[in-house]
Each structure stands twice: as structure tokens, then as C-alpha cells.
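Sequence and computational prediction follow.
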Amino acid sequence: MSKFIDHDQLIRVLKIENGRSLIRAVITAVVSIFLFNYVGVIVGSIWLTAMLSLEILCALSRRRTLRGNKAKAASSLILTFAMSLGWVIHAVLLWNTGSEVPQIAAVMDLFTVALYAAIGAFYSRAICLLLMLPPLAALAGLLITYLWGHATPFMAAVASTATIGTCATIVLNSVIMHRQDARLNQSRIELERLNAELARAAQAAQAANQAKSDFLSNMSHEIRTPLNGVLGMAQAMALGELSPSQAERLTIIRDSGQAVLAIVNDVLDLSKIEAGKLELESIDFALGDLLTKLQSAYAMQAQKKGLALVVCMEPGADGIYTGDPTRLRQVLSNLISNAIKFTEIGEIRIDAAYAHDALRLAVSDTGMGIEPKRLGAVFQRFSQEDSSTTRKFGGTGLGLAICSQLISLMGGSIEAMSQPGHGSAFTISLYLPRVSDAPTTAAAQPEPASVTGETTMRVLAAEDNQTNQVVLRTLLEQIGITPTIVENGAEAINAWRDGRWDLVLMDIQMPVMDGPAAAQAIREAEAKSGRARTPIIALTANAMAHQISQYRASGMDGHISKPIDARVLFETVLATAATSGEEA
């Protein structure tokens with residue numbers, strides 16, 4: 001029962017039961033003195049031992065019932081009758097002595113049985129008074145008659161009346177206790193039923209949540225795969241010679257594809273946050289590097305609108321922090337992108353300050369601002385400044401909601417301040433561990449052009465989708481690499497056995513054998529043959545944190561998300577080439 005009822009309530013009931021047991025034990029010990037004096041020590045000792053034993057059994061039975069054991073109500077009923085019978089035996093033994101004093105005690109015994117019944121019915125004051133009145137009236141009449149000197153003739157009538165009343169009281173008390181136990185058992189059955197329903201509801205909710213996650217994961221894969229063709233070929237074409245009109249059209253294609261990808265990413269992030277599956281990294285990162293790269297990434301976009309994009313770091317703000325730089329970059333990117341979108345004249349500022357163990361990052365603009373009545377809802381899902389059909393700006397209204405939840409998961413807060421016509425400011429407060437106070441500078445990133453057409457890198461690629469094969473081959477040929485492409489994991493293993501490769505690019509979802517199984521087979525073959533380790537990079541549209549962990553567990557060294565970012569692909573190839581050169 002303790003798993004269903006309130007613990008404090010159970011403790012209170014048990015304390016009451018202990019008090020009842022103690023009262024009955026004291027009464028039993030006191031009344032047993034009459035047996036020792038008028039009947040004998042042996043009979044008195046037997047009766048006292050039997051009654052105390054019954055009292056202990058009755059107390060244990062009630063405690064087991066209260067704690068939820070499947071004890072039948074019949075056991076409590078039998079023990080109650082046994083206790084009552086013991087008191088009747090005590091009264092009979094005293095009555096048969098023929099002496100007035102023990103006979104009075106016998107009547108008082110019957111009163112004690114009634115008292116016990118009243119204590120057993122303590123749940124109801126009305127029943128308690130009802131059970132107490134007959135024996136009290138009988139006792140009062142007995143005492144008055146005894147004082148007048150007519151005890152003997154009256155005692156027979158009183159004893160008969162008291163005996164009948166006591167038997168009725170015993171039956172009534174037993175019925176009351178039986179009903180109490182029945183209600184207790186019924187409550188337990190009902191609570192168990194409710195508990196089972198809650199468990200089934202929880203399982204159904206978990207199954208629904210898993211189905212939603214699986215659906216979103218599959219939809220993400222199916223959407224990202226064609227987007228890989230669109231964005232991949234747009235990037236490949238952008239590296240070639242184009243006329244101004246062709247470049248403009250290509251830019252529209254690329255920007256439109258990136259917009260679709262951003263929506264997919266927002267929906268997936270929101271789903272992961274709701275399901276509690278979004279995992280944050282905890283690695284060291286340089287704040288200066290992060291802000292410098294953000295400024296470089298959005299400088300061209302701001303410049304096209306004639307806006308200045310400025311990064312201002314107060315003394316002591318730069319340094320090394322421990323946290324999730326990817327998610328922090330995502331939040332700042334969203335804020336900067338919104339600032340550029342809603343600003344026509346002026347500047348965008350990124351301010352950084354560190355004080356009192358708190359890192360404060362603010363993104364402010366001189367744009368249109370937000371109406372006061374809308375400011376409180378900017379972090380809500382699907383909330384937009386202008387939701388009419390004639391709205392000027394697009395978007396799903398998920399970006400700021402995701403930013404707010406990401407910052408909350410990092411243990412921080414984000415606030416918005418705005419005035420219509422005078423711009424907006426979004427301030428992030430984070431309590432990230434600070435590893436070093438030393439200022440840092442952005443590390444130089446290798447350019448794709450540093451890899452020439454004379455490279456001799458041998459790249460094996462496993463990819464079953466024909467469009468993705470063309471994209472991958474086209475992008476790699478831009479840096480002078482002609483990959484060998486196979487269509488599934490089994491063919492990748494065979495090709496790996498027959499050649500020497502500097503890099504394996506492995507798709508995850510493939511027929512016959514998937515990427516993780518193929519990577520694991522290659523690692524096992526390397527271990528048996530003593531062959532040098534070949535770098536394996538996952539190519540996948542499923543790049544959640546737990547999925548990446550599974551890829552690494554299978555023996556892969558890294559991953560490239562689809563749609564493939566040409567720069568990321570080139571940098572991965574360059575890093576592999578540099579590592580191979582050092583080992584050589």
C-alpha cells in the first residue's frame with residue numbers, strides 16, 4: 001500500500017495503530033490481576049499470555065494490511081473474534097467465583113470488550129459513542145444498585161443485559177473492521193488499476209514520442225538527400241567560370257536551398273529539445289576565434305545591405321571557455337541573421353564582456369525594433385513580428401524559441417530589449433567555466449585552392465544514391481581528386497581489401513550492408529592483418545549527437561553532414577592528407 005498512498009499518511013495511521021495496541025495491552029495486564037487473585041496464578045498466566053499473543057498478531061496483521069500486503073480481511077476478522085472471546089472467557093471465570101467483587105469485575109470485563117470495540121471504531125465518533133453508551137449505562141446502574149445494598153438481585157439482570165449488549169458490540173465491531181478492510185482492499189485495487197493505466201499511458205506516450213522522432217529522422221534524411229544534390233552541384237558550379245547572370249541565378253538556387261535546410265534544422269532541433277535528446281558538448285573553445293569567424297561569415301551579407309558588422313570585446317572578455325561552441329555559434333548566428341534581416345540602415349554590434357564569473361554576449365542593431373506588446377512573445381514558438389499574409393519577412397518563427405531553449409540548457413538566460421524604430425538588443429548571460437585568460441586569435445583556415453590537381457590522394461567513396469555520387473565526384477574533382485565510388489558497404493570492403501587508400505568516405509544508409517557495419521568489418525580486418533589504419537569519414541544526413549557516437553563506436557574517425565558543405569569536405573581531405581604526410 002505504501003507505493004500507492006502518501007508516506008506521511010501511512011506513518012500517522014501506523015502511530016495510531018501502535019497507540020491502540022498499547023492501550024489494549026495495558027488494559028489486558030491490569031484486568032488479569034483479578035484472575036491471579038480469584039481464579040489462580042496458572043489460569044491467569046495462561047490467559048494473559050494468550051491475550052498478549054493475540055494482541056501482537058492482531059497488530060502485525062493490521063500493519064501488513066496498511067503496508068499493502070495481500071492479506072485477506074478474514075484474518076483480521078478471526079483475530080478480532082478471538083480477542084473478544086478471550087474477554088468473554090475472563091468474564092465467565094470471574095462470574096463463576098460467586099463473589100460480588102469479581103462479579104462486578106466480570107461486568108467491567110464486558111465493558112472493556114465494548115471499550116475495545118469503540119477503540120476499533122475510532123474512525124467514526126458517532127459509532128464510538130453508540131458502542132460506549134450501553135455498557136456505560138449498565139455499569140452506572142450496577143454501581144448505584146451496589147451502593148444501595150441490592151447488588152446481588154440486580155447483578156443477574158445487569159450481567160445478562162451487558163452480555164447481550166457486549167455480544168452485539170463484538171459483532172458490530174467485527175462488521176465495522178471487516179468493512180474497513182474491504183474498503184482498504186478496494187482502494188488498493190482501484191489504485192493498482194490507476195497505476196496500470198498510467199503505466200500504459202506512459203508507454204503509449206513513449207511509443208508516440210519515439211514514432212515522432214523516427215518520423216522526423218526519416219523525413220530529415222529524405223529531405224537532405226535531394227538537397228545534397230541541389231546545394232552540392234550549386235557549390236561545384238560556383239567554383240567554375242560563370243557569367244554574371246549565371247552567377248546570380250546560381251546564388252538564388254543556393255540561397256533557396258539553404259533556406260529549406262535551415263527550416264529542416266530548426267524543426268529537428270525543436271524535436272530533439274522536446275524529446276530531451278539534444279546533447280551538449282563540453283569542450284574548450286576560444287571566444288575570440290568564435291566571434292571572429294562569425295563576423296567573417298556574415299560580413300558579406302551585411303555589406304550587401306550597406307550595414308557595418310562590428311565585434312567589440314571588453315578587456316578581459318577574450319579567453320578560453322568550456323562549453324558547447326557549436327550551439328553557442330548557432331544561437332549567435334540566428335541573432336546576427338535576424339539583426340541583418342530587420343535592419344536597413346546603421347550597424348550590427350556583437351559585444352562581449354566577462355564579469356562576476358558571467359560571460360555576457362549581446363547582439364544589437366539599429367533596425368525596425370519590436371512593438372512592446374510583441375516583445376514578451378518573441379521567444380515563443382511560431383511567433384513573428386508580422387504574421388499577416390502581407391508580411392515582408394519570411395521565417396518559421398522557431399529560431400528565437402530554439403535559441404532560448406539552447407541557452408537554458410547551457411544554464412544561462414537570454415533577454416530582449418527593443419524600441420520601435422530604434423532597434424533591438426538580445427543579451428545572453430552564461431556561466432561557462434573559464435580555462436584561460438590569454439587572448440586568442442583565429443587560426444588560419446586552409447583554402448581549397450591549396451590542394452592542386454596534382455594530388456595523388458586515393459579516395460574510396462561508398463554511396464548508393466546516384467545523384468550524391470555525381471555531387472561527390474564533382475566536388476572532389478574540383479581539388480584534383482578522382483574518387484573510386486562503390487554502391488554499398490560490402491563493395492566498399494572488397495575494394496578496401498584490393499587497394500591502398502588514403503581516405504574512405506562512407507555513406508550510412510546503404511543496401512546490402514550499411515556504413516557502420518562496413519567500417520567495423522574494416523577495423524576488424526586491420527586488427528587481424530596488422531594493416532595500417534585507413535581514415536573513415538561518415539557521409540550522412542543523420543548527424544545527431546547519439547548517432548555520431550554510434551558512428552565513432554563502429555570505427556569511423558569523423559563525419560560530414562549532408563547536404564555536403566564543400567569547404568568542410570575540402571578541409572577534411574586536407575587534414576587527412578596532412579596527417580598521412582606526417583606519418584609518411
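Yep, it's here.

Tell me the helix or strand right after the helix or strand containing I33.
Per DSSP states H and E, I33 falls inside helix 7-38. Downstream of helix 7-38, the next assigned helix or strand under DSSP H and E is helix 41-66.

Now do that following helix: which elements does it pack against?
helix 7-38, helix 73-95, helix 151-238 (3 or more C-beta pairs under 8 Å, 6 or more residues apart in numbering; DSSP states H and E). C-beta: built from backbone N, CA, C; applies to glycine.

tell me the phi and psi of S561?
Here is the backbone geometry of S561 (degrees, to the nearest 10): phi -80, psi 150.

Report the beta-bridge partner residues of it.
Beta bridges link S561 to T540, judged by DSSP bridges.

and it, what pLDDT?
S561 carries a pLDDT value of 84.

Likewise for M556?
pLDDT, M556: 92.

Nearest spatial neighbour of R327, chain-adjacent residues omitted?
Closest residue to R327 apart from its sequence neighbours, by C-beta to C-beta, 6 or more residues apart in numbering: L406 at 5.2 Å.

in what helix or strand does the one you found lie?
Per DSSP H and E: helix 399-409 holds L406.

So for the following helix or strand past that helix, what gets flagged as buried?
Next along the chain after helix 399-409, taking DSSP H and E as the criterion, comes strand 413-418. Residues of strand 413-418 classed as buried: I414, A416, S418 (neighbour count, 16 or more other C-beta atoms under 10 Å).

Could you do stretch 560-573 as well?
Buried residues in stretch 560-573, defined by neighbour count with 16+ other C-beta under 10 Å: I560, S561, K562, P563, I564, D565, A566, L569, F570, E571, T572, V573.

Which parts of the stretch 301-450 of the chain are helices?
325-341, 372-375, 399-409 (DSSP state H, counting those that start in this stretch).

What is the distance between the second one and the centre of its chain?
Going back to what we said before, that points to helix 372-375. How far helix 372-375 lies from its chain's middle: 32 Å, per C-alpha atoms, centre = their mean, to the nearest Å.

Would you mind writing the CA trace of it as CSV?
Provided in CSV are the C-alpha atoms of helix 372-375 (Å, rounded to 0.1, in the frame of the first residue of the first chain):
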residue,chain,number,x,y,z
PRO,A,372,6.1,46.3,-26.7
LYS,A,373,3.1,44.1,-26.9
ARG,A,374,5.0,41.6,-29.1
LEU,A,375,8.3,41.7,-27.1
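
now that helix: mean pLDDT?
79.

burial count for Q301?
For Q301, the tally of surrounding residues (other C-beta atoms under 10 Å) stands at 15.

Isn't it up against I340?
Yes: in this structure Q301 lies within contact range of I340 using C-beta atoms under 8 Å: 5.6 Å.

follow-up on the earlier one: residues in contact with the residue nearest to R327?
Taking C-beta atoms under 8 Å, 6 or more residues apart in numbering as the criterion, L406 is in contact with D269, I273, L278, R327, Q330, V331.

Let me know the closest of those residues to K528.
Ranked by distance to K528 (C-beta to C-beta), the contacts of L406 are led by L278 at 38.7 Å.

Surely that closest one is within a helix?
No: per DSSP: H, G, I helix; E, B strand; the rest coil, L278 lies outside any helix segment and is coil.

doesn't M410 make contact with it?
No: contact between L278 and M410 fails when scored by C-beta under 8 Å: they sit 11.0 Å apart.

which stretch of helix or strand covers the closest residue to A462 other than its chain neighbours?
The spatial neighbour of A462 that comes closest, neighbours along the chain excluded (C-beta to C-beta, 6+ apart), is A492 at 3.9 Å. Element membership for A492, per DSSP H and E: helix 489-498.

what sits up against that helix?
Contacts of helix 489-498 from elsewhere in the structure, counted by C-beta under 8 Å, 6+ apart, are 460, 462, 484, 486, 504, 506, 510, 512-515, 517-518, 521-522, 525, 534.

Distance check, the closest residue to I537 other than its chain neighbours against L505.
Using C-beta to C-beta, 6+ apart and skipping residues adjacent in sequence, the residue nearest I537 is G558, 5.0 Å away. Distance, G558 to L505, by C-beta to C-beta, to the nearest Å: 10 Å.

need the contact list for the nearest residue to E487 once chain neighbours are set aside.
Leaving aside its chain neighbours, E487 sits nearest to D464 (4.9 Å; criterion: C-beta to C-beta, 6+ apart). Each residue near D464 by C-beta under 8 Å, 6+ apart is listed here: E487, N488, D507, Q509, M510, P511.

Mark which of the residues you listed are buried, thanks.
For the contacts of D464, buried by 16+ other C-beta under 10 Å: E487, N488, D507, M510.

so who does D514 touch?
Per C-beta under 8 Å, 6+ apart, neighbours of D514: G489, I508.

try 6 Å this time
Applying C-beta atoms under 6 Å, 6 or more residues apart in numbering to D514 gives the contacts G489.

That one and I548: what is the separation?
15 Å.

what stretches of the stretch 1-150 of the chain score poorly on pLDDT?
1-17, 20, 62-74, 76-77, 80, 108, 110-150 (pLDDT under 70).

now do 80
1-24, 27-28, 30-31, 34, 58-85, 87-88, 91-92, 94-150 (pLDDT under 80).

cool, and the stretch 351-500 of the chain?
In the stretch 351-500 of the chain (pLDDT under 80), the answer is 373-377, 379-399, 437-456.

go with 70
Counting by pLDDT under 70, the stretch 351-500 of the chain has low-confidence residues at 381-397, 438-455.

And for the stretch 151-300 of the chain?
Ranges of the stretch 151-300 of the chain meeting pLDDT under 70: 151-185, 213, 216-217, 220-221, 271-272, 274-277.

Now the helix holding L406: buried residues?
For helix 399-409, burial by neighbour count (16+ other C-beta under 10 Å) applies to G399, L400, A401, I402, C403, S404, Q405, L406, I407.

what's the answer for stretch 305-319, then?
L307, L309, M313, A317, D318, G319.

Distance from the chain centre to it, please.
That offset, for stretch 305-319, works out to 38 Å (C-alpha atoms, centre = their mean).

Same question for stretch 353-367.
31 Å.

Any idea how far apart the tips of that stretch sit?
23 Å (C-alpha to C-alpha, to the nearest Å).

Just the residues contacting that stretch, thanks.
By C-beta under 6 Å, 6+ apart, stretch 353-367 touches 314, 316-317, 335-336, 339, 342-343, 346, 348-352, 423-432.

can we see that at 8 Å?
With C-beta under 8 Å, 6+ apart as the criterion, stretch 353-367 contacts 287, 313-314, 316-317, 319, 321, 332, 335-336, 339-340, 342-352, 422-432, 434.

buried set for that stretch?
A353, Y354, L359, R360, L361, A362, V363, S364, D365, T366, G367.

Repeat that for stretch 463-470.
Buried, per 16+ other C-beta under 10 Å, within stretch 463-470: E463, D464, N465, N468, Q469, V470.

Do I have it right that the fifth one meets E463?
What that stands for is Q469. Yes: when contacts are counted by C-beta under 8 Å, Q469 is listed as touching E463 (5.1 Å).

Can I get stretch 330-350 in CSV, CA atoms only?
Extracted C-alpha coordinates of stretch 330-350, given in CSV (Å, rounded to 0.1, in the frame of the first residue of the first chain):
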residue,chain,number,x,y,z
GLN,A,330,24.1,28.6,-33.7
VAL,A,331,22.4,31.0,-31.2
LEU,A,332,24.6,33.9,-32.2
SER,A,333,24.2,33.1,-35.9
ASN,A,334,20.5,33.3,-35.5
LEU,A,335,20.6,36.6,-33.7
ILE,A,336,23.0,38.1,-36.2
SER,A,337,21.0,36.9,-39.1
ASN,A,338,17.8,38.3,-37.6
ALA,A,339,19.6,41.6,-37.0
ILE,A,340,20.7,41.9,-40.6
LYS,A,341,17.3,40.9,-41.9
PHE,A,342,15.4,43.5,-39.9
THR,A,343,17.9,46.4,-40.3
GLU,A,344,18.1,48.7,-43.3
ILE,A,345,20.4,51.5,-42.1
GLY,A,346,23.1,51.6,-39.4
GLU,A,347,25.1,48.8,-37.9
ILE,A,348,25.1,45.4,-36.1
ARG,A,349,27.1,45.1,-32.9
ILE,A,350,28.4,42.0,-31.2
